[in-house]
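could you look at this predicted model? Sequence included:
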Amino acid sequence: MSFITPVIAISGLWAATLASNPAAYAAARDYRFELVGKPTVSAGRNIVQVRLVHVPDGKPVPDAVIFESKADMGPSGMATMPAPVKPMPAKGGVYSFEVAPGMTGTWALHLSAKVQGEPETVTGTVNADLVK
Ligand SMILES: [Cu+2]
């Protein structure tokens, strides 16, 4: 039986490391972008609202810096069709984007963000039904 002892010792050490230092396993995958309501449309401009949530406690993240936002029609089988995206001011943990789609249908909004205290870049995609 002694041959399994090293495995137990290593896994025990690993568990102790995680328990004593939560940051060791906090990661970009702890965050999720969620669509807020239905996009609003006015003169071909769609406003898409997105919330960034810290998944382990379900809390919104109000102070993220979203440094990249791109839209494509991947969910409708047209991944190479882009649309202009303009970030709008964030408010109360809700991040807004103005999208001008060339076609009505389901679009993907791809976001990259920096979150305070999180060294990894947080990325995510929300799908939204947009109207030309
Ligand atoms: Cu299209």
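Alright, I've got the coordinates.

max-length strand in the chain?
For the chain, the strand that runs over the most residues, judged by DSSP state E, is strand 118-130.

quick one: it near the ion?
No - Strand 118-130 lies out of reach of the ion by CB under 5 Å from the ion, never closer than 10.1 Å. In short, each C-beta sits where N, CA and C put it, glycine included.

what does this protein put close to the ion?
73, 78, 81, 103.

just to check, the third one is in contact with Gly105?
No - under the criterion of CB atoms under 8 Å, Met81 is not in contact with Gly105, lying 9.3 Å apart.

anything in contact with each of the two?
Common contact partners of Met81 and Gly105 (CB atoms under 8 Å, 6 or more residues apart in numbering): Met73.

hang on, the earlier thing: name the strands paired with the longest strand of the chain and say parallel or antiparallel.
Applying DSSP bridges to the sheet, strand 118-130 is found paired with strand 105-115 (antiparallel).

show me what the strand it pairs with is in contact with.
Residues contacting strand 105-115 (CB under 8 Å, 6+ apart): 31, 33, 48, 50, 52, 61, 63-76, 78, 83, 85, 95, 97, 99, 101, 121-130.

please redo it, this time with the cut-off set to 7 Å
Contact partners of strand 105-115, identified using CB atoms under 7 Å, 6 or more residues apart in numbering, comprise 31, 33, 48, 50, 52, 61, 64-76, 83, 97, 99, 101, 121-130.

how about the helices in the protein?
Ranges of helices in the chain, per DSSP state H, are 5-20.

got any ranges where this structure has weak pLDDT?
Within the chain, the stretches with pLDDT under 70 are 1-26.

repeat that for 90
Applying pLDDT under 90 to the chain picks out residues 1-29, 42-44, 92-93.

hang on, the earlier thing: can you list the residues of the chain next to the ion in TSV and add neighbour count?
Formatted as TSV, the residues of the chain next to the ion follow (neighbours: other CB atoms under 10 Å):
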residue	neighbour count
Met73	20
Met78	15
Met81	16
Met103	13
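
closest one to Thr40 out of these, please.
Of all the residues of the chain next to the ion, Met103 has the smallest distance to Thr40: 17.9 Å, by CB to CB.
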